[in-house]
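>>> Turn this into a structure:
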Amino acid sequence: MTRLSTVDGGFLVTESQHSPKHVGALIIFQLPKGKGPTWLRALLEEMKQSPAGFPFNQRLTRQAGLLYEMEVDDQFELDYHVRHTVLPWPGTDAQLNELVARMHANLLDRDRPLWEFHLIEGLQGRRFAFYIKIHHAMADGITFGHWIDDSTTTSPGDRRVRPIWARPAEPARQPEPGSWVHDLFAAADTVGGGLRTALGVSAITARMVQRRFLDHDMHVALPLSAPRTTLNVTTGSARSVAFTAYPLDELRAIGKSQGASINDVVMTLCDMAVSHYFEVHGDQPRGSLVAYMPVNVRAEGDGDGNLVTLLQVKLASTHRDPLTSLAEVKTSIQSARELFSGATRPAVQYYSMLVALFAQMEEAMHLGRWLPPVNNLVISNLPGSRVKRYLKGAEAVGMYPVSTLPPLAALNVTCSSYAGTLYFGLVAGRTAVPDLPLLTAYLDEAYRMLGQATGVLSAPRKTA
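Residues are numbered from 1 along each chain as shown. Down below sits the predicted model:
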């Protein structure tokens, strides 16, 4: 039996019918030369010969507060989790997006292991896709990416097939002494760790107040400083998804020209695109948007699971000049990171969880009409494989993240790098953002503007 951490349990506690807490990935493959539907279906049958390992064979057993436990599902059915869908002709990207949006909206069954795998056949251009979703309580984006890498190869000639669910068994645990002395010391260690974490959370809060009100750092985002927007609503269960991608070397060059990171550039592109969307819809917010920015807090040797925290980042105050916007966002990210520097990992994670639980309470008690939102959207940037990946000779030609929505925020933009390209996956509440593809068009526009302003992209020639 495995006990989930408090952070893992938080994703289960905050889940509801209209707010699923699973994360997903859409991987597009090119069929090998000379192969077709028969080969693809044989591949699926071969994959299904591999038994599920940890945590894909685990189901939830009981709950005490935020503490959940998992155990091996002795009635595990691989055919329930592994599914096959054929797109109707002509198998367009728009049809794929609509299918993934519907799949992503559905809750995972808590009576079974919390994952699904979908093979999607029939895409134009001799392509097929995997859509995989797994509950956030079991993995964060980085862990998920490692599992995807483990299930693919780096050589087109490698014919091994190891499905994502074919993980090793749960590592053996050392037996714990059962004496009362051991139990006493274990309890004392738990209490001491809780006190240290509480002091760390208090220190983060005090530092935030000092930076904002005594040092007058206007780039610090307080927990309730986000402006009200049409994104900050209870979303309902329906979802929409959209995707786009940009060359990684060009994004790196844009950032380098301004002393900024790729992440700074990503945050700025999203800010410019969303602000343009608000302007077109007559919903200009009063003040800078505030974004959740997930940050990896892994140390060397840490394993799988959820080892991330959420920083609140105040975005640009003006979007007239893309370089000014980038400079503002860069400074805000630096301020957010400095607030947590020196704090322990548990303190950082628990502070972020408390902020998220406040948003959950705000949504549950319908306080949004009186209180400002905790944040406006989520923007995340995940590292991925630097080299091309293959599955029995089929090349992966695109890897798009498909993430989740926090309480009272109807938009998540997550990107992941793969083989020299940064792939963007946008997920939104379908009612709150009924025209999500517009945002990808505005992202493309922001990318061109920032690229041309830095000289990385050529400006279009003027015609007479």
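
>>> how about the strands in the stretch 1-150 of the chain?
For the stretch 1-150 of the chain, the strands defined by DSSP state E, counting those that start in this stretch occupy 2-3, 22-30, 58-64, 67-72, 82-86, 115-123, 127-135.

>>> All the helices of the stretch 51-200 of the chain, in order from the start?
Defined through DSSP state H, counting those that start in this stretch, the helices belonging to the stretch 51-200 of the chain, from first to last, are 78-81, 93-105, 141-150, 180-209.

>>> Can you flag the weakest of these by average pLDDT?
The minimum mean pLDDT among those belongs to helix 180-209 (a mean of 53).

>>> per-domain residue ranges of the protein.
For the chain, automatic domain parsing gives the domain ranges 2-150, 190-381+424-454.

>>> how about the ones you listed in CSV, adding distance to Trp165?
The C-beta positions use only the backbone N, C-alpha and C, and glycine is treated the same way. Listed next are those as CSV, based on distance: least, Cβ to Cβ, whole Å:
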stretch, distance to Trp165
domain 2-150, 4
domain 190-381+424-454, 14
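
>>> For Val387, which of those domains is the nearest?
Ranking the domains of the chain by proximity to Val387 (Cβ to Cβ) places domain 2-150 first, at 9.7 Å.

>>> Name the nearest residue to the residue nearest to the spatial centre of the chain, sequence neighbours excluded.
The residue at the geometric middle of the chain, judged as the C-alpha nearest the mean C-alpha position with Cα atoms, centre = their mean, is Ser403 (4.4 Å). Using Cβ to Cβ, 6 or more residues apart in numbering and skipping residues adjacent in sequence, the residue nearest Ser403 is Thr414, 4.3 Å away.

>>> Give the other helices and strands that whatever helix or strand that neighbour lives in contacts.
Assigned by DSSP states H and E, Thr414 belongs to strand 411-418. Counting by 3 or more Cβ pairs under 8 Å, 6 or more residues apart in numbering; DSSP states H and E, the packing neighbours recorded for strand 411-418 are helix 141-150, helix 262-280, strand 377-382, strand 394-402, strand 421-429.

>>> And for the third one, what's in contact with it?
Looking back up the chat, that one is strand 377-382. Residues from elsewhere that reach strand 377-382, judged by Cβ atoms under 8 Å, 6 or more residues apart in numbering: 141-142, 145, 231, 262-263, 266-267, 270, 274, 289, 291-294, 313, 401, 403, 405-406, 409-417, 422.

>>> Just the buried residues from these, in ChimeraX please.
Buried members of these, identified by 16 or more other Cβ atoms under 10 Å, are gathered into one ChimeraX selection as follows:
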select :141,142,145,231,262,263,266,267,270,274,289,291,292,293,294,313,401,403,405,406,409,410,411,412,413,414,415,416,417,422
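
>>> Any figure for the gap between the residue nearest to Pro373 when sequence neighbours are not counted and Glu362?
Leaving aside its chain neighbours, Pro373 sits nearest to Asn232 (4.1 Å; criterion: Cβ to Cβ, 6+ apart). Computed with Cβ to Cβ, to the nearest Å, the distance linking Asn232 and Glu362 is 9 Å.

>>> Which residues are in contact with the residue nearest to Pro373?
Ala226, Gly368, Pro373, Asn376, Leu408, Ala409, Ala410.

>>> Widest-spaced pair of the residues you listed?
Using Cβ to Cβ, the pair of the contacts of Asn232 lying farthest apart is Ala226 and Ala410, separated by 13.1 Å.

>>> Remind me which helix or strand Arg440 belongs to.
Actually, residue 440 is Thr. It isn't Arg. Remark: Thr440 resides in helix 437-454, with elements defined by DSSP H and E.

>>> What is the distance between that helix and the centre of its chain?
Going by Cα atoms, centre = their mean, to the nearest Å, the spacing between the C-alpha centre of helix 437-454 and its chain's C-alpha centre is 22 Å.

>>> got it, and stretch 389-403?
Stretch 389-403 has its average C-alpha position 17 Å from the chain's average C-alpha position, going by Cα atoms, centre = their mean.

>>> Are we agreed that Ala291 is in a strand?
Yes: when DSSP: H, G, I helix; E, B strand; the rest coil is applied, Ala291 is found to be in a strand.

>>> Please name the nearest non-neighbouring residue to it.
By the measure of Cβ to Cβ, 6+ apart, the closest residue to Ala291 outside its immediate chain neighbours is Ile379, 4.7 Å from it.

>>> where's the residue nearest to Asp111 when sequence neighbours are not counted relative to Ala245, distance?
When the adjacent residues along the chain are set aside, Asp111 lies closest to Arg59, with 6.8 Å between them (Cβ to Cβ, 6+ apart). Per Cβ to Cβ, Arg59 is found 36 Å from Ala245.

>>> Likewise for Ala101?
Separation of Ala101 from Ala245 (Cβ to Cβ): 18 Å.

>>> Same question for Val402.
Distance check for Val402 against Ala245: by Cβ to Cβ, it reads 14 Å.

>>> Check Arg41 too.
For Arg41, the distance to Ala245 under the criterion Cβ to Cβ works out to 29 Å.

>>> Which one of the two is surrounded by more residues?
Neighbour comparison, Arg41 and Ala245: the larger count goes to Ala245, with 17 against 14 (by other Cβ atoms under 10 Å).

>>> Give me the pLDDT value at the more buried one.
The predicted structure lists Ala245 with a pLDDT of 97.

>>> residue contacts, it?
Neighbouring residues of Ala245 by Cβ under 8 Å, 6+ apart: Gly398, Thr421, Leu422, Tyr423, Phe424.

>>> Tell me how many other residues surround Pro247.
Every residue meeting other Cβ under 10 Å relative to Pro247 is counted, giving 14.

>>> ok, what's across the strand from it?
Residues found in beta-bridge contact with Pro247 (criterion: DSSP bridges) are Thr421.

>>> I'd like to check which residues are in contact with it.
The neighbourhood of Pro247, defined by Cβ under 8 Å, 6+ apart, consists of Gly420, Thr421, Leu422.

>>> sec struct for Leu222, please.
Secondary structure assignment for Leu222 (three-state DSSP): coil.

>>> What about it? Give its phi and psi, please.
Backbone torsions for Leu222, taken as degrees, to the nearest 10, come to phi -80, psi 160.

>>> that older thread, just give me the lowest mean pLDDT stretch among the domains of the chain.
For the domains of the chain, the weakest mean pLDDT is recorded on domain 190-381+424-454, namely a mean of 83.

>>> count of residues packed around the nearest residue to Asn412 once chain neighbours are set aside?
With Cβ to Cβ, 6+ apart as the measure, Val378 is the residue that lies nearest to Asn412, at 4.2 Å, once sequence neighbours are left out. Neighbouring residues of Val378 were enumerated by other Cβ under 10 Å; the total is 21.

>>> who's Val378 bridged to?
According to DSSP bridges, the partner residues bridging Val378 are Tyr292, Asn412.

>>> how far away is it from Arg112?
Taking Cβ to Cβ as the criterion, Val378 is separated from Arg112 by 27 Å.

>>> can you give me the helices for the stretch 251-400 of the chain?
Listed in chain order, the helices found in the stretch 251-400 of the chain under DSSP H, counting those that start in this stretch are 262-280, 322-340, 345-364.

>>> Alright, I will stop here.
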